[in-house]
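*Asks:* fold the stuff below for me.
(2 chains)
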Amino acid sequence: MAGTPVQVTGTVLTTRRVDAYHALTVVAPAIADRFRPGHFVTVAVGGPRTSMLTRRAFAVHDVKPDYGGTVEFVFAVRGAGTAWLAGRKARDALDMVGPLGRPFPLPRDPATCLLVGAEYGSAPLFALADALHQRNCRVDFVLGAPSSDRVFGALRARRMGETTTLTTEDGSLGVRGSVVDVLPSVITDTRADVVYACGPMPVLRGVTAVCVQFDIPVQVSVEEAMACGIGICMTCTVPVIGEDGVTRMVRACTDGPVFRGERVRFDDVGTIPFDALGAPGGDRAR
Amino acid sequence: MRAYLAHVELPNPILTAAGCAGTGRELAPFADVTRLGALTTRSITMAPRAGRPTPRMAETPSGLLTSVGLQGPGVDAFLARELPWLAERGTRTVVSIAGGSVAEYTALARRLADAPGVTAVEINLSCPNVEDRGRVFARDAVAAAEVVASVRAALRYDVPVVAKLAPDVADVVAIARACVDSGADALAMINTPIGMSVDVDTMRPVLAAGAGGLSGPAIRPLAVRCVWQVHAALPGVPLVGMGGVTSGRDALELVLAGACAVAVGTTLFHDPYACPRILRELEELLQERGFDRLADAVGVAHRPAQARVDSSRTDASKIDLEESSL
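*Replies:* Numbers count the residues shown, from 1 in each chain, chains lettered A, B, ... in the order given. Below you'll find the predicted structure:
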């Protein structure tokens, strides 16, 4: 793990709507200082006497040096917790822990990097693009979502990327289809050396399959429901093949969220593969 | 504020609950694990366990349903990688053990008997007994007693054995008594009662396993009731109270009901700094109420309302309570 995570009470600086999503910028210098692209934060929701016990995890979209350091994250309202977050106003206090997880590994030498984001999964890709630019990497984007209002960061991608390909399921923006559909042609056109992908599991699975076909490395940032984000609750596990070839149920929060795509057993997510370390032999069924 | 877990002295009465502090390393950036009363490990099993499929977690009102399935590296890896890290730092470590048979519990206890850095052993009795068609040990006084007796026999006399009891049993006092009679030095309660949640959109259970253990403030009244009942029946037995403790007030509630130490569990997921905060709050609350020592407050709620005011400072009651908490 890169920086040690800290727990802070941050102050909401700004709130904004971005199409179908919300974005909160929080003053949290201790987190901003330690941030590297790919890190995430967790937020306690519902206030001090909340009945919601799990922290909500969000990829960090951006950090800025304002007020000593701010952290911005993007979210969609999906339930009571995110609805509460959407109701936050400037100057409200927010209990935040971060930066968490393993950040994106960066190439040592200049390379052509293709950044793939589905829905608001694209949020962490722009800080990554910045870091890649600093290493003289070429950056291209593929962003997609079911509809145009759910494609996050298209403008910024156009500014930052050598090329930007947009896809929507309903055809309201860019190419009709999913990011996975256009990936082979984009990889061919851009001659991508490496792919970074963020988004829901099915998208990551598709992206990884394409990259395996092209035989190029792919780094995926997985989304798995988690309660704590710091590695103690053991609820965010995914089956991942280790260096030694053994599949283990690893925590998306502390062992990830960034994994090499081909190491994640996407087809077995939501199960315990029979060959995983410590898989039940059938005698302990209850 | 000293506390005792059976005859072992702890610097304070705030422990972590089993399975809620990871290996200690994860919590260390937020709170010094060496300053905990003790850290309870996740339940250690003989073989590595991959646990249950995801989703393993569902949030419920003031509660959390989980079915992790005792995921862990197995006792060998625990002794090689996890316990030494805690021991090097001088962390007091309560090792929780889980097994599918009396023999497995016994084998685990034997492996722990020579390991340095084991402050106490907690027996997670909420495991299905493979020799009894998966009936949970904690629901069967005879099976629970058998496990406790064999673990007690396998460990050095100076390592206390703590039996962790489940609240969703017909008679928690009967189970408690069976455990104490077969050699448990202390009791921990409560383990998570079994709950379930159904997603009305997908119209299927939220957890992959269907049912899971319910934790969090939602179960605190259950914990207080169990601690109360067992303390009333067995006033001399030290109890570790746990179940939805989020603040010093919650901890004090369990202490007044009869617990001489308190463990913090699910709250750590929400607030990794919870233990030092709860300890400070508990100390302040005890001070405000005129208690010099934690032992003086243990089980105070059992006394008649009037007597509490009059006799709380007499020497007789102090001695009485000291005995009851040891």
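*Asks:* what is the burial count for the closest residue to residue A:64 other than its chain neighbours?
*Replies:* Leaving aside its sequence neighbours, residue A:64 sits nearest to residue A:70 (CB to CB, 6 or more residues apart in numbering or on different chains; 4.9 Å). C-beta: built from backbone N, CA, C; applies to glycine. Each residue near residue A:70 was counted by other CB atoms under 10 Å in any protein chain shown, and the total is 23.
*Asks:* residue B:38 pairs with what?
*Replies:* Taking DSSP bridges as the rule, residue B:38 bridges to residue B:15.
*Asks:* what about it, how many residues nearby?
*Replies:* Residue B:38 has 25 nearby residues by other CB under 10 Å.
*Asks:* confidence score at it?
*Replies:* The per-residue pLDDT reported for residue B:38 equals 95.
*Asks:* ok, it to residue B:151 distance?
*Replies:* 18 Å (CB to CB, to the nearest Å).
*Asks:* how about residue A:242?
*Replies:* Taking CB to CB, one finds residue A:242 at 33 Å from residue B:151.
*Asks:* before we move on, the earlier item: what's the spacing between the residue nearest to residue A:64 and chain B?
*Replies:* 22 Å (CB to the nearest CB, to the nearest Å).
*Asks:* isn't that residue right up against residue A:60?
*Replies:* No. Assessed by CB atoms under 8 Å, residue A:70 is found out of contact with residue A:60, at 10.4 Å.
*Asks:* any weak-confidence spans in the chain?
*Replies:* Chain wasn't specified; assuming chain A. A:1-3, A:281-286 (pLDDT under 70).
*Asks:* chain B was what I was after
*Replies:* Those would be B:306-326, if you go by pLDDT under 70 across chain B.
*Asks:* let's see it at 50
*Replies:* Applying pLDDT under 50 to chain B flags the ranges B:311, B:326.
*Asks:* where exactly do the helices run in the stretch 1-150 of chain B?
*Replies:* B:75-77, B:83-88, B:102-113, B:141-154 (DSSP state H, counting those that start in this stretch).
*Asks:* in TSV, list the ones you listed along with mean neighbour count and distance to residue A:248.
*Replies:* Formatted as TSV, the helices of the stretch 1-150 of chain B follow (neighbours: other CB atoms under 10 Å in any protein chain shown; distance: least, CB to CB, whole Å):
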stretch	mean neighbour count	distance to residue A:248
helix B:75-77	17	11
helix B:83-88	17	19
helix B:102-113	19	22
helix B:141-154	21	29
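*Asks:* want to try JSON lines for the ones you listed, with distance to residue B:236 as columns?
*Replies:* Shown next, in JSON lines, are those (distance: least, CB to CB, whole Å):
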{"stretch": "helix B:75-77", "distance to residue B:236": "32"}
{"stretch": "helix B:83-88", "distance to residue B:236": "30"}
{"stretch": "helix B:102-113", "distance to residue B:236": "24"}
{"stretch": "helix B:141-154", "distance to residue B:236": "17"}
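*Asks:* can you say which of those is nearest to residue B:285?
*Replies:* Closest to residue B:285 of those, according to CB to CB: helix B:83-88, at 29.2 Å.
*Asks:* who's in contact with residue B:123?
*Replies:* B:96-97, B:105, B:147-148, B:151, B:161-164, B:184 (CB atoms under 8 Å, 6 or more residues apart in numbering or on different chains).
*Asks:* any part of stretch B:248-258 near chain A?
*Replies:* No. No part of stretch B:248-258 sits near chain A under the criterion CB under 8 Å from any CB of the partner chain; the closest distance found is 11.8 Å.
*Asks:* ok, stretch B:203-210 next?
*Replies:* Yes. Judged by CB under 8 Å from any CB, stretch B:203-210 comes into contact with chain A at residue B:208.
*Asks:* near chain B, which residues of the stretch 151-286 of chain A?
*Replies:* Residues of the stretch 151-286 of chain A lying near chain B (CB under 8 Å from any CB): A:224-228, A:230-238, A:248-249, A:254, A:269-272, A:276-280, A:283-286.
*Asks:* strands - which of those residues land there?
*Replies:* Of those, the ones assigned to strands by DSSP state E are A:237-238, A:248-249.
*Asks:* buried members of the residues you listed into PyMOL, please.
*Replies:* The following PyMOL line selects those of those that are buried, judged by 16 or more other CB atoms under 10 Å in any protein chain shown:
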select buried, chain A and resi 237+238+248+249
